[in-house]
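In: below: sequence and its predicted model.
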Amino acid sequence: MELIPHTLIKLKNKDLIYADTSVPAWVKKSLEISSYSVVRRGFQSEYIPVGIRGFKKNQRFAACIKKSNIESTYLPSDALKKIDTVPNTRLNLPAFQSLLKIRNHLSMFEWGVGGSLQFELITGIPMVTEKSDLDLLITCPPVPLSHKEANQLLKKLQFLSTVHLDIQVLNHQNGFSLEEFALQRNKTILVKTMVGPILMDDPWI
Amino acid sequence: MEKLYFKFTTTQPVTKFVHVGVVASGDLEIILRPNNHSYSTLNIITGSDGFKSTWSNVLSRFFDRYPLQGDFEINDFGATPGVVNLRLSQVMEVLKNEQ
Amino acid sequence: MNNSLLELNARERAVALLDKDTAQELIGPFDNIISPHLIPQNIVPESDDGVIIMKGQLKHLNCVIISIEGSFQGGGIGEVGGAKIVSALEHTLLDNKNGEKVYPLIIFDTGGVRLQEANYGLLSISEIQNMIIELKQYVPVIGLIPGRVGSFGGMSITTALMSYIITTDKARIGLNGPEVIEQEAGAREFDSSDKNLIWNTLGAKQRKATGIVDEVIDDDVDAFRSTIAKTILEKKDSNRDQQVNFYLSLIETLDPAHMLTTQEYTNLYRHVSVHDHHLNSAIPSDYPTITSRGRHWFEQLTQIKNAHSDIPTVLHALVNGYEYISIVPDKNNNFPRVRHGEVGLKEGYTVANVINDLIDRDKDKKTKTPIVIIVDVPSQAYGYNEELVGIHMSLAASVSAYARARQAGHKIISFIPGDAVSGGFLAHGLQSNRLIALNDSSITIQAMSKESAARITNRSLQELEQATKNTPAMAYDIKNYQKLGSLFYLISNVKSYDSSDYAINIVKNAINSAISDLENKPTDLSFRYNNKIAKESGRVATNKIRLLMDKQWN
Amino acid sequence: MTNKNHNWASQRDEKNLRMANATSIINNKFVRTENAKELLETLIQPNDRVVLEGDNQKQASFLSETLASVDCARIHDLHMIMSSVSRPEHLDIFENGIATKLDFSFAGPQSNRISKMISSGILKIGDIHTYLELYARLFVDLTPNVVLVAADKADKQGNLYTGYNTEETPVIIESAAFKNGIVIVQVSEIVDKLPRVDIPSDWVDIIIQSDKPYQLEPLFTRDPQNITELQILMGMMAIRGIYEKHHVQSVNHGIGFNTAAIELLLPTYGNQLGLKGKIVPYWEVNPTPTLIPAIENGWIKSIHSFGGEVGMEQYISARPDVFFVGKDGTMRSNRAYGQMAGQYALDMFVGSTLQIDKYGNSSTVTNGRLSGFGGAPNMGSNPTGRRHSSTAWQSLKPTDNPLAKGQKLVVQIVETYNSAKKPVFVEHLDAEKVQKEANLENVPIMIYSEDTTHIVTEEGIAYLYKTNSMTERQEAIEAIAGVTPLGLRSNAKKLNQLRNKGIVALPEDLKVNRLAAKRSLLAAKNMEDLVKWSKGLYNPPAKFRSWS
């Protein structure tokens, strides 16, 4: 079964990761604490491309793991369900507050949370800061949105959020920015695919 | 704060010193001294910046109707044109009472 | 409800009180004198600087009315307005000394020091207070508070020095406005949005019930006129600044940890059993106490180690012919608001008590004991109980004691090795006839803490600091303060905590030379505006006003 | 033919079913405070039309807080109907995904937020109504499924006492009680015996005691301390040039310092002019404290009120000749009847506005603020269905048409520039821009030019009803618009022409001395004076305290 990008994977063995370069110390330290990785876009086989997060914003490390090393997987929508377990002190952070407001307005979609919020929600490790963005992932939209509908949705969500919003629409492996689609700056839109970014006229196909 | 200066050609020299008003919020004071030119001068210090043309309009109207000649000093703490007019007409009243 | 004094502006109030067609304004709007300090700070000035001086007759009695305009900059006292008041009072004194009765009236409508010219305001207020204390020997000095702003800050201390205070029920008096107390001590101490609390605590009715004002009358011009005339003719004087033993007895019965209700305090006030108080000289002890610059120099100059006093916040001692006195911190004091060396209820009255005793002891002596005030006062005490009891009266008691001592011939030197802020400085330092300071950057000298000043003037702390950097009028540091000319001497090579023999000698020499400089000099505060720096730059406007007043008075 | 089995009581069945689902927490109409949320989650269904009582002053604050906290998975897409959107949670209900559509009349305190929410699509506006319109539609096409209202007290049978602040409670309840809606009431207190019954228990389904009394604001109190000389000047002109001239008998004052000034000038300036007993004995107005001197001075025969005013309770009780007071000694207010009186029984409406355009249209909707207008458009309009005549009404009748009828006086009093020194007279209303931003069908104009009969500024009065063309109307407005851009179009010649025609009057034309406009002319200069006038019966809220 294909794992969609942004799925969190808990590893059975945190030492069994494969990379082209040597593994930096912070990656080992990070895995020591959490032993979670995030599915990256890319060709999946026995090996799954993943990313490892550090505790700093720019710390990302690309690697692969074996399918057999997966203990469990968590979809972005699983993270959403955990919001009720967040302690009040953390819940007061603007990104969580924004998520609370927004969640009542996306019921027509299958969707979830990515980024540091997803990580904190699943692992319980405090990753979200005062300045964290809110990364939303809309998965498999039932019907394609028109530019106007997307624009309306975006405006609504931006109003409700007090932090910067990054909304990606995921169509299997393909993904594009809702904002770019809604604002319709160019005729074509950049879609990230398994084989790299390409420009498309209609990203919903 | 902004300093403004205006000059109007006028024809009715005043003979008295006049003072009215207070530099309170939304209000202003006017000090009028006799001069012996053929025009009036106005030195204005105002707490609200960017209203030069409004001042000009208020004063033009006033001097059109009442060409009082003298040197005016105005200290303004955010008076509206309506209040400026009211204080100017009080100056007139004081002149009337004393003449 | 139709002949209201409150409704009128300051000028109209003065005219309304005087007999018809007798009012004559001195240094008025046509004299072309505005504050030189406001325009550079982008503030619109007023042609009278918010102080109106009006001579005339009230029921055929010669009066001079000093009326403060509350709606111009909150009635704050700056250099020009302050100098107008001082010079008018000086002439009134002179006339009375010459046997010509002139009755001074002050209409208070003021928040105290004008923060944009804070240092001038503080100096002026101390000079005003000096004049009032001397004038009271000749005529009643009457204060009116019609209301709106009321009387706050340093000018509340001035009200307590008046012979007699007449108000409407719309007047409020307090040393620290509720906003300032909230800023300094928190909303739990004083909630500035609770209007009922404010009016019940600081309002005229409560003040009347507890001896802070003398009469509350209807807001009616005629009522004011007849009450004033009666006060003058009956020579009424509450001697409010000399109730030291009464208040020290009262304060002893008060539990500082409990916020008193107005009713509780009124009861307390009505049932005081008064007894005499005398504070013994400080003695050496074995217990080192927390140090402060004030305590440090008291111990250095008196050579009393770990000085101990029955009132732990007030140290005094007569050493080598000089009376030294200092207010010091006491971290365990039962009054929480004086633990950092602030001047509180007890401190003002205790200092007054010490000085009154000294005046009494020396009253028949030809040579009076010089007094050295060691100044290290971070502020007055900001507290609810303090305001309810009327801390401004405590500060007034010490102002009065120092001023009377000086006027009686005691030479008074203030030595400033520490902070000299606000009401604390007025009560303990500014009534001296010579100021000496250490040139130490740790010294703060000002009318209000920066945080409070920022809040009251609606500026950010940054904006405030920017403004103070450019104007000595608002300086917080001793170096800029010196530019005003009010210091007799700035000791440049001694620091606040120096304890070398060298440093002590320099300070002692400075004190000695200040005292010998006072030989055969006036016993007033004129040195501050008569010296070279003051005349050339520091107090130019003050001196201009004084000259003009000399010309216009008669 | 209709189907024999057609259920003609489906709505009633539906209501009964909902009530049945909640029986476990309902004890003979009464529900415990802590069960409020569960109750709403049980009784309200997605897509319901819900009326939430939020008047100007009185707010069903406990129920609105509860509604904002319900689970949006169970309750969503509600259509809210609220006369006043005042409290933050009124809009939280939309942000929380519980409701999506809103019909309202007034949103003063929330006007900024509401316009942002509209443009972001969180909230869809049905319409911005006048109060009367909104009440009317409750009986036509906006009949509610559930109403959430507030009362002071309930007795054990469920009868309600709404006291001083009855306001719009009866009209809301009636719209639900007789059309299968569920009536839910928050009460501050449950007692054995009510002072009087304002709503019979038959009309009430659920009563919940709130955790604290409903929010009540003294919105109509103006401190005379803040009345300016210009407001006094305009008040004097209005009294001479309108009240006296048209012999006005019945009036509604919009709230503000301009009208407060007039109220306080009646016992002084009005007496000087000998007008006592001749003008304005009848009022439809909230019991504003600034009316006390006129009442005490014998000017006023009757005042009916839309709602109460905090602090006026004792005073009103002691003046039953003037106010509408029940046997229990408390006032009875009613916003619906008040609006009706304003529409059909009054000679004149006097109010203020934030902007007036070159045609004479006025609006309080300015950039970024969508406030709605409450009752002003009804008060400030001429009801063409009116037939009864009065001197004032007749005095506006055109002379050249034998079939013409009179007109209600609609007066706007404004200073030409507002206190922020922005011109009040403008080429285009900001409301035009707001219409586009918020996608409204109509430009949110408060009072239309055609309804406005007089405009008073510090410069003079424009008698717009006398103009016979739009050009002349514009010139009349320009003549009193001071040095605003509109005003600068006028000149001395045009002004004098208009003065000669009686279309514009300056203070001197009205024999009003500009310099007599002093605060000393006010019958009360501060709150304490009002207390004195009331003989100690008026008890101002603490925030107005300014004496000891």
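Out: Arrived safely.

In: and the strands in the stretch 301-450 of chain D?
Out: Secondary structure of the stretch 301-450 of chain D (DSSP state E, counting those that start in this stretch): strands at D:302-304, D:348-351, D:355-357, D:362-363, D:409-413, D:425-426.

In: can I get the ones you listed in JSON lines including distance to D:Ile295 and mean neighbour count?
Out: The C-beta positions use only the backbone N, C-alpha and C, and glycine is treated the same way. As requested, these are exported to JSON lines (distance: least, C-beta to C-beta, whole Å; neighbours: other C-beta atoms under 10 Å in any protein chain shown):
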{"stretch": "strand D:302-304", "distance to D:Ile295": "8", "mean neighbour count": "19"}
{"stretch": "strand D:348-351", "distance to D:Ile295": "18", "mean neighbour count": "25"}
{"stretch": "strand D:355-357", "distance to D:Ile295": "32", "mean neighbour count": "24"}
{"stretch": "strand D:362-363", "distance to D:Ile295": "30", "mean neighbour count": "27"}
{"stretch": "strand D:409-413", "distance to D:Ile295": "22", "mean neighbour count": "26"}
{"stretch": "strand D:425-426", "distance to D:Ile295": "35", "mean neighbour count": "22"}
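
In: out of those, nearest to D:Ser534?
Out: Nearest of those to D:Ser534, taken as C-beta to C-beta: strand D:302-304 at 14.1 Å.

In: ok, back up a step: what's the closest of the strands of the stretch 301-450 of chain D to B:Asp64?
Out: Proximity to B:Asp64 (C-beta to C-beta) singles out strand D:425-426 among these, at 19.8 Å.

In: tell me which parts of chain A are close to chain D?
Out: Where chain A comes near chain D, counting by C-beta under 8 Å from any C-beta of the partner chain, the residues are A:101, A:103-105, A:107, A:152-153, A:155-156, A:158-160.

In: about what we covered before: for A:Phe43, which of the strands of the stretch 301-450 of chain D is the nearest?
Out: So among the strands of the stretch 301-450 of chain D, strand D:362-363 is nearest, using C-beta to C-beta, at 62.4 Å.

In: just how off-centre is the closest one within its chain?
Out: Distance, stretch centre to chain centre, for strand D:362-363: 15 Å (C-alpha atoms, centre = their mean, to the nearest Å).

In: packing partners for that strand?
Out: strand D:355-357 (3 or more C-beta pairs under 8 Å, 6 or more residues apart in numbering or on different chains; DSSP states H and E).

In: state the helix or strand in which the closest residue to chain C within chain B lies.
Out: In chain B, the residue found nearest to chain C is B:Ala24; the distance is 3.4 Å by C-beta to the nearest C-beta. Using DSSP states H and E, B:Ala24 falls within no helix or strand.

In: does it touch C:Ser71 like I think?
Out: Yes - taking contacts as C-beta atoms under 8 Å, B:Ala24 lies within contact range of C:Ser71: 3.4 Å.

In: overlap in contacts, these two.
Out: Residues touching both B:Ala24 and C:Ser71 by C-beta atoms under 8 Å, 6 or more residues apart in numbering or on different chains: C:Asn9.

In: how about the residues of the stretch 51-200 of chain C near chain B?
Out: Counting by C-beta under 8 Å from any C-beta, the residues of the stretch 51-200 of chain C that sit close to chain B are C:69, C:71-72.

In: got the contact list for the most centrally placed residue in chain D?
Out: Relative to the mean C-alpha position of chain D, the nearest C-alpha, by C-alpha atoms, centre = their mean, is the one of D:Gly375, at 4.4 Å. Counting by C-beta under 8 Å, 6+ apart, D:Gly375 touches D:105, D:130-132, D:306, D:335, D:338-339, D:342.

In: ok, now D:Arg519?
Out: Here D:Arg519 is in contact with C:7, D:227, D:229, D:232, D:525 (C-beta under 8 Å, 6+ apart).

In: please determine how far it is located from C:Leu6.
Out: 10 Å (C-beta to C-beta, to the nearest Å).

In: need the residues touching each of these two.
Out: Each of D:Lys525 lies in contact with both D:Arg519 and C:Leu6 under the rule C-beta under 8 Å, 6+ apart.

In: all strands for chain B, in order.
Out: Along chain B, the segments classed as strands by DSSP state E run B:2-9, B:12-13, B:18-21, B:28-33, B:39-46, B:68-69, B:71-76.

In: how about those strands in a markdown table, adding mean pLDDT?
Out: Converted to a markdown table, the strands of chain B look like this (pLDDT from 0 to 100):
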| stretch | mean pLDDT |
| --- | --- |
| strand B:2-9 | 97 |
| strand B:12-13 | 95 |
| strand B:18-21 | 96 |
| strand B:28-33 | 98 |
| strand B:39-46 | 97 |
| strand B:68-69 | 96 |
| strand B:71-76 | 98 |
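
In: mind putting those in a markdown table, mean neighbour count and distance to chain D included?
Out: Converted to a markdown table, the strands of chain B look like this (neighbours: other C-beta atoms under 10 Å in any protein chain shown; distance: least, C-beta to the nearest C-beta, whole Å):
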| stretch | mean neighbour count | distance to chain D |
| --- | --- | --- |
| strand B:2-9 | 13 | 13 |
| strand B:12-13 | 14 | 17 |
| strand B:18-21 | 22 | 10 |
| strand B:28-33 | 24 | 12 |
| strand B:39-46 | 19 | 10 |
| strand B:68-69 | 21 | 16 |
| strand B:71-76 | 22 | 11 |
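
In: what is the neighbour count of the nearest residue to C:Asp48 once chain neighbours are set aside?
Out: Nearest residue to C:Asp48, sequence neighbours excluded (C-beta to C-beta, 6 or more residues apart in numbering or on different chains): C:Pro29, at 5.5 Å. Other residues near C:Pro29 come to 26 when the count uses other C-beta atoms under 10 Å in any protein chain shown.

In: pLDDT score for the residue of the stretch 101-250 of chain C found nearest chain A?
Out: Proximity of the stretch 101-250 of chain C to chain A (C-beta to the nearest C-beta) peaks at C:Ala187, 22.4 Å away. As summarised for this prediction, C:Ala187 has a pLDDT of 81.

In: and the gap between it and C:Gly150?
Out: 21 Å.

In: looking at these two, which is more packed in?
Out: A direct count of neighbours by other C-beta under 10 Å for C:Ala187 and C:Gly150 places C:Gly150 higher, at 27 against 13.

In: contacting residues for the more buried one?
Out: C:108-109, C:171-174, C:202.

In: change it to 7 Å
Out: C:171-173 (C-beta atoms under 7 Å, 6 or more residues apart in numbering or on different chains).

In: pick the one among those residues closest to D:Leu370.
Out: C:Arg172 (41.0 Å).

In: what's near enough to touch the closest one?
Out: C:150, C:202-203.

In: next, format those residues as a markdown table and append secondary structure, pLDDT and distance to A:Leu11.
Out: Formatted as a markdown table, the contacts of C:Arg172 follow (DSSP: H, G, I helix; E, B strand; the rest coil; pLDDT from 0 to 100; distance: C-beta to C-beta, whole Å):
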| residue | secondary structure | pLDDT | distance to A:Leu11 |
| --- | --- | --- | --- |
| C:Gly150 | coil | 96 | 72 |
| C:Leu202 | helix | 96 | 69 |
| C:Gly203 | strand | 97 | 72 |
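
In: what mean pLDDT would you report for whichever helix in chain A runs longest?
Out: The residue-count maximum for a helix in chain A (DSSP state H) belongs to helix A:147-160. Average pLDDT, helix A:147-160: 90.

In: so who does the residue of chain C at minimum distance from chain B touch?
Out: Per C-beta to the nearest C-beta, C:Ser71 is where chain C lies closest to chain B, at 3.4 Å. When contacts are counted by C-beta under 7 Å, 6+ apart, C:Ser71 is found next to B:22, B:24-25.

In: quick one: low-confidence parts of chain A?
Out: Residue ranges of chain A with pLDDT under 70: A:141-142.
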